[in-house]
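Colleague: give me a 3D structure for the following:
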Amino acid sequence: MTRPIATRPVCVISGASGGFGLPVAVQMAAAGFDLVLINQDRERGMRAVEAVRAEVPRARVVHKCVDLASMSQVRRAAEQIASEFATVDVLFHIAATAVPRRASTEDAFERTLAVNYLAPFLLTQLLHDPLRAARQARVVMFSSLAERASSIEFDDMAFERGYSAHDGYGRSKLALVLFANELGRRWAHDGVTANCMNPGSAPTQLLADLWAGGWRPGGRPVLWRYWGRRVRRWLRALPRVVRHPRRALHNLRSSRYERAAAVAVRLATDPALAGVSGTQFIDDREVPSSPQSQDPALAARLWDVTVEMLSDYLPVTAIAR
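Modeller: Residues are numbered from 1 along each chain as shown. Next up is the predicted model:
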């Protein structure tokens, strides 16, 4: 099947139906990108498509309904995208989950790791050819400060011992940052860069899931300092909330999402960042990720272990890369 010739750059976004993903989609459409939006719920996905078109009437947007916990669905979506688009210029990994109690997927993977790390790894690998064809493609991962208090346990990748919502989430985000750093090293010769974006805090379903899973900031100094600053900022906004509660809360959420989206779009489009890999941005500032996430030996080992875990879904060419 002959692939179409792209006339505009293409951006693929997982988790674009709400939260931080939707404003990223709107801003990328406004920047002239054709969009492929990936999420699990078809109805929410179509609402996101309509929301983008309402803001950018000429936007070209397609939606792929994919359960990121299912590696077979991820593979099918990647094959569809690769057949429909000659290039993928930007790939955003925004979708994330946190489950209160440990759960296994149909592939026998721990669910949080599957959605937050294994699915991005597999999707990126399967889109290698259109990413390389773009010549200067960029992959942007949404990270989290939770990775700083985490570790990779290679003898328990299924997290069968001592699971908690926060620890499962933190481990998956550490794996994602390690993947970004290793991807930038391994695919540099293909013109593909990879960087991380920490969007900060905002009222999202993910935060509610972490809280429901028993996570509390006490005992985690790095996270507590980070959240403490955010809580103080929200407290300063309380007078506006009291006077106009619904409007103020909407504005607080919207402004946070919009600011984070602008930073993510900068990572994806700023000419000054062409060829740059291995960075993490928080609030438009470059901030180093944790020391363990910058360990090249750990990143290389994780890459090899992940390839083995996903060998049933990866082509031989990907396994050899």
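Colleague: strands along the stretch 1-150 of the chain, start to end?
Modeller: Under the criterion DSSP state E, counting those that start in this stretch, the stretch 1-150 of the chain contains strands at 10-14, 34-39, 61-65, 90-93, 138-142.
Colleague: ok, the second one: who's next to it in the sheet?
Modeller: I take that to be strand 34-39. strand 10-14 (parallel), strand 61-65 (parallel) (DSSP bridges).
Colleague: can you report how many residues neighbour E153?
Modeller: Neighbours of E153 under the rule other C-beta atoms under 10 Å: 12. Using the backbone N, CA and C atoms, a C-beta is placed for each residue, glycine as well.
Colleague: please apply the same query to R76.
Modeller: 14.
Colleague: same question for R301.
Modeller: 15.
Colleague: in this model A31 seems to touch R8, though I could be wrong.
Modeller: No - counting by C-beta atoms under 8 Å, A31 is not a contact partner of R8; they are 10.2 Å apart.
Colleague: what distance do you get for the nearest residue to G45 once chain neighbours are set aside to E50?
Modeller: Among residues not flanking G45 along the chain, H63 sits closest, at 4.3 Å (C-beta to C-beta, 6 or more residues apart in numbering). Using C-beta to C-beta, to the nearest Å, one obtains 10 Å as the distance from H63 to E50.
Colleague: quick one: which of those two has more around it?
Modeller: Of the pair H63 and E50, H63 is the one with more neighbours under other C-beta under 10 Å, namely 20 against 11.
Colleague: mind listing the residues bridging to the more buried one?
Modeller: On the basis of DSSP bridges, H63 is bridged to L37.
Colleague: who's in contact with it?
Modeller: V36, L37, I38, N39, R42, G45, M46, A48, V49 (C-beta atoms under 8 Å, 6 or more residues apart in numbering).
Colleague: what residues does the second one make contact with?
Modeller: Listed by C-beta under 8 Å, 6+ apart, the contact partners of L37 are 13, 16-17, 21, 25, 45, 48-49, 52, 61-64.
Colleague: neighbours around R266, how many?
Modeller: R266: 16 neighbours (other C-beta under 10 Å).
Colleague: quick one: secondary structure of it?
Modeller: Secondary structure state of R266, per DSSP: H, G, I helix; E, B strand; the rest coil, is helix.
Colleague: what is the burial count for D270?
Modeller: Close neighbours of D270, defined as other C-beta under 10 Å, add up to 11.
Colleague: again, but for I282
Modeller: Every residue meeting other C-beta under 10 Å relative to I282 is counted, giving 18.
Colleague: I'd like the distance between the closest residue in space to it that isn't next to it in sequence and S150.
Modeller: Leaving aside its sequence neighbours, I282 sits nearest to N198 (C-beta to C-beta, 6+ apart; 4.3 Å). Distance, N198 to S150, using C-beta to C-beta: 14 Å.
Colleague: also L113?
Modeller: Separation of L113 from S150 (C-beta to C-beta): 11 Å.
Colleague: any shared contact partners between these two?
Modeller: R171.
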